[in-house]
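Q: Please find the sequence and the predicted model below.
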Amino acid sequence: MFSDEDAAALYDLLNPWDTEIWPGDAFYQGMVMAASSVLDVGCGTGAMLQSARDHGHAGRLVGLDPDGAALARARRRSDIEWVQGTAAEASWRGEFELATMTGHAFQCLVTDDDVRASLLAIGAALRADGKFAFETRHPQARAWESWNPSHATDVVDASGRALRVWHEVQSVTGDVVAFSETTARPDGTVLRVDRTRLRFLDTATLDSLLASAGLEVVARYGDWHRGPVTNDSREIITIAARTDAATQ
């Protein structure tokens, strides 16, 4: 058996939070450390907020995620607030200087209704001067074309178990990519298959959805060094604010 708890632990192994190695981690951690109150939407196992606390963040840190197994790992730290639920279910009002969605979590919002409901709730959670920072993979880079067994990752988990993980695309329908993640033994014996869908929004569609939820783009980057979005960009990194902020 390869349980949900095993999968959550494997996620941490495959995606370690490290600001020295990953420029995206450094980008977000800088923003988090500068904000007095932070809501991390889709926090997973909570690595970003835990790192911020370890580096001296003394303000309010809240992690929100629907995955119970991931939150169980996050809750090993009691100096951060952990809440189980989706972005659309959030009911905070004007409480956070910064909201984030890291690790391309925003792409898990597949329908326009999902996106709008989530953005409305996130916008409501922000203070009048608050910001929402998130990233999506730029569709022009067609990242899903490398999601196949030839790009498998081999790891050894905390118990000493050797594992191989790979992805396979099942379908591409419009801007939505359906794919599977397979966890197996090195000999190919399959232990677990997870399936999901991600949406690859272009900037025009993204900005229209933000506007419909009362948010506007205040900064946009095509890489983690704050370069502009270009024809070669692999990321669309967005910082948005409430459109009513000027009237507050």
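A: That came through fine.
Q: This protein - how does it break down into domains?
A: Following automatic domain parsing, the chain resolves into domains at 4-138+200-247, 140-199.
Q: Please identify the most buried of these.
A: domain 4-138+200-247 (a mean of 18; mean count of other C-beta atoms under 10 Å). The C-beta positions use only the backbone N, C-alpha and C, and glycine is treated the same way.
Q: Where is the longest helix in this protein?
A: helix 112-125 (DSSP state H).
Q: possible to save the domains of the chain as JSON lines with mean pLDDT?
A: Converted to JSON lines, those look like this (pLDDT from 0 to 100):
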{"stretch": "domain 4-138+200-247", "mean pLDDT": "97"}
{"stretch": "domain 140-199", "mean pLDDT": "97"}
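Q: can you give me the strands in the chain?
A: For the chain, applying DSSP state E gives strands covering 37-41, 60-65, 81-84, 96-101, 126-137, 153-156, 162-173, 176-184, 190-199, 215-221, 235-242.
Q: Now render those strands as JSON lines, adding distance to Met1.
A: Output for the strands of the chain, formatted as JSON lines (distance: least, C-beta to C-beta, whole Å):
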{"stretch": "strand 37-41", "distance to Met1": "30"}
{"stretch": "strand 60-65", "distance to Met1": "23"}
{"stretch": "strand 81-84", "distance to Met1": "23"}
{"stretch": "strand 96-101", "distance to Met1": "31"}
{"stretch": "strand 126-137", "distance to Met1": "32"}
{"stretch": "strand 153-156", "distance to Met1": "18"}
{"stretch": "strand 162-173", "distance to Met1": "13"}
{"stretch": "strand 176-184", "distance to Met1": "11"}
{"stretch": "strand 190-199", "distance to Met1": "8"}
{"stretch": "strand 215-221", "distance to Met1": "42"}
{"stretch": "strand 235-242", "distance to Met1": "36"}
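Q: sorry, back to before: can you name every helix or strand that the longest helix of the chain contacts?
A: If contacts are counted by 3 or more C-beta pairs under 8 Å, 6 or more residues apart in numbering; DSSP states H and E, helix 112-125 sits against strand 37-41, strand 96-101, helix 203-212.
Q: can you put those in a markdown table and add distance to Pro16?
A: Formatted as a markdown table, the helices and strands packed on helix 112-125 follow (distance: least, C-beta to C-beta, whole Å):
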| stretch | distance to Pro16 |
| --- | --- |
| strand 37-41 | 17 |
| strand 96-101 | 18 |
| helix 203-212 | 28 |
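Q: quick one: contacts for Val169?
A: 144-145, 147-148, 177-179 (C-beta atoms under 8 Å, 6 or more residues apart in numbering).
Q: cool, Thr100 as well?
A: 28, 31-32, 38-41, 48, 132-134.
Q: now it: how far from Asp112?
A: Separation of Thr100 from Asp112 (C-beta to C-beta, to the nearest Å): 22 Å.
Q: Torsion angles phi and psi at the residue of the chain most remote from its centre?
A: No residue in the chain sits farther from the centre than Asp187, which is 31.4 Å out by C-alpha atoms, centre = their mean. The phi/psi pair for Asp187 (degrees, to the nearest 10) reads phi -80, psi 0.
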